[in-house]
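Peer 1: Here is a sequence with its predicted model. Questions after.
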Amino acid sequence: MATQLILGVQLPQSATLDAFVGETNAPVRAAVTQIADGRSERLFVHGPEASGKTHLLQAVCRAAGDAGDRSVYVPLDQVADQAESLLAGLQDMDCVCIDDVAAIAGDRDAEIALLSLTDGLRARGGRLLAADRQPPAELGLALPDLASRLVWGGVIATAELDDADKHALLVERAAQRGMEMPDATARWLLRHGERDVPALMRALDTLDHASLAAHRRLTIPFVKQTLGAAADG
């Protein structure tokens, strides 16, 4: 793998394109796949929190690296204080995935570094996939030229997952952990638990640990008892 990690940022094992399930954001998955396999050079993805943007960026970084390309995932919200120097060192990468672009909005030096990176990548055929909650024009960037560069390859929006996609996500992520999530159990979680994706993933973490310890399947009674005990503290 030719993936470069920024300051110890690790790509989770679940961050693959195959693991991005559901139909709500299938067009976005198809678009970013073209970045991963070199059929497209630039794309900006925006959308609400927990709609899969970070997963897609990390998955593209992994896929490009697995194909032998030099790829890197840069979460600007985690490295904003070092963004200028980090971005300046990525000119020779084959595929750069920039998350949370708004984290450097108003930091002129960091914005200039990102602008230079976009131009450098374009000059040598490198690929750029970037993302944030809002499209580039609404990020409050100090440099209009940067906002225009970020839309050169197109802009595509993710949407909040519907219940069918959340159901599919629960089943897929459970399977990645070696657990079987029965359809009835997934439906119970969506009816009775917190419905946002981060909360569902936290519930899955709790169930993973509990099922391993108790050697129990994810039946509705077991899930109800486990999550009830966790909520009681």
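Peer 2: Nice, thanks for sending it over.
Peer 1: Show me the strands in this protein, by range?
Peer 2: Counting by DSSP state E, the chain has strands at residues 3-5, 42-46, 71-75, 95-99, 127-132, 155-157.
Peer 1: what mean pLDDT does the second one have?
Peer 2: Taken as a whole, strand 42-46 has an average pLDDT of 98.
Peer 1: Could you tell me the model confidence score at the spatially most central residue of the chain?
Peer 2: Closest residue to the average C-alpha location of the chain: residue 54 at 1.5 Å, with Cα atoms, centre = their mean. The predicted local distance difference test score for residue 54 is 95.
Peer 1: just checking, it touches residue 78?
Peer 2: No - contact criterion Cβ atoms under 8 Å: residue 54 and residue 78 do not qualify, at 11.1 Å. For glycine as for every other residue, the C-beta is placed from the backbone atoms N, C-alpha and C.
Peer 1: what sits in contact with each of the two?
Peer 2: Taking Cβ atoms under 8 Å, 6 or more residues apart in numbering as the contact criterion, residue 54 and residue 78 have no common neighbours.
Peer 1: which other helices and strands contact the longest helix along the chain?
Peer 2: As assigned by DSSP state H, the longest helix anywhere in the chain is helix 197-214. Helix 197-214 makes packing contacts with helix 163-176, helix 183-192, helix 220-232 when contacts are defined by 3 or more Cβ pairs under 8 Å, 6 or more residues apart in numbering; DSSP states H and E.
Peer 1: Of those helices, give the one that comes closest to residue 133.
Peer 2: For the helices and strands packed on helix 197-214, distance to residue 133 was read as Cβ to Cβ. The smallest value, 18.9 Å, belongs to helix 163-176.
Peer 1: packing partners for that closest one?
Peer 2: Where contact means 3+ Cβ pairs under 8 Å, 6+ apart, helix 163-176 is packed against helix 183-192, helix 197-214.
Peer 1: follow-up on the earlier one: present the helices and strands packed on helix 197-214 as TSV; the columns should include mean neighbour count and distance to residue 15.
Peer 2: Putting these into TSV (neighbours: other Cβ atoms under 10 Å; distance: least, Cβ to Cβ, whole Å) gives the following:
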stretch	mean neighbour count	distance to residue 15
helix 163-176	18	11
helix 183-192	16	21
helix 220-232	14	25
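Peer 1: per-stretch mean pLDDT over these, give me the minimum one.
Peer 2: helix 220-232 (a mean of 88).
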